[in-house]
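In: how would this look folded up:
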Amino acid sequence: MNMIFSKVPKTLGISDFRASLADNLMKAKKSPVVITDRKGGESYVVLGAEAYNELLEVWEDEQAS
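Out: Residues are numbered from 1 along each chain as shown. Prediction:
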């Protein structure tokens, strides 16, 4: 599966993410989900394992160049 990675906006507060955890994890399989902490300070990206591995491979290829 070739995913296209691009910058994504902050989308969910952490409480909203947890409230619909199963649905949000399913969304993360298709594209990154960005969540923010309660104070809106820190952001986190949730990726499916396949997307993470693909991102890591791209990064490793870039490092080898």
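
In: May I have the residues that are in contact with Asp16?
Out: Shown in contact with Asp16 (Cβ atoms under 8 Å, 6 or more residues apart in numbering): Ile35. The way it works is simple: take the backbone N, C-alpha and C, and place the C-beta from them, glycine included.

In: one more time with 10 Å
Out: Asn24, Ile35, Thr36 (Cβ atoms under 10 Å, 6 or more residues apart in numbering).

In: host element of it?
Out: helix 14-19 (DSSP states H and E).

In: Restrict that helix to CA atoms and write it as PDB.
Out: Provided in PDB are the C-alpha atoms of helix 14-19 (Å, rounded to 0.1, in the frame of the first residue of the first chain):
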ATOM      1  CA  ILE A  14      -7.600  13.900  23.100                       C
ATOM      2  CA  SER A  15     -11.000  13.600  24.800                       C
ATOM      3  CA  ASP A  16     -12.800  13.400  21.500                       C
ATOM      4  CA  PHE A  17     -10.200  10.900  20.200                       C
ATOM      5  CA  ARG A  18     -10.700   8.600  23.200                       C
ATOM      6  CA  ALA A  19     -14.500   8.900  23.100                       C
END
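
In: continuing past it, what's the next helix or strand?
Out: Moving toward the C-terminus from helix 14-19, the next helix or strand (DSSP H and E) is helix 21-30.

In: Of all the residues in that next one, which ones are buried?
Out: For helix 21-30, a neighbour-count test (16 or more other Cβ atoms under 10 Å) marks Asn24, Lys27, Ala28 as buried.
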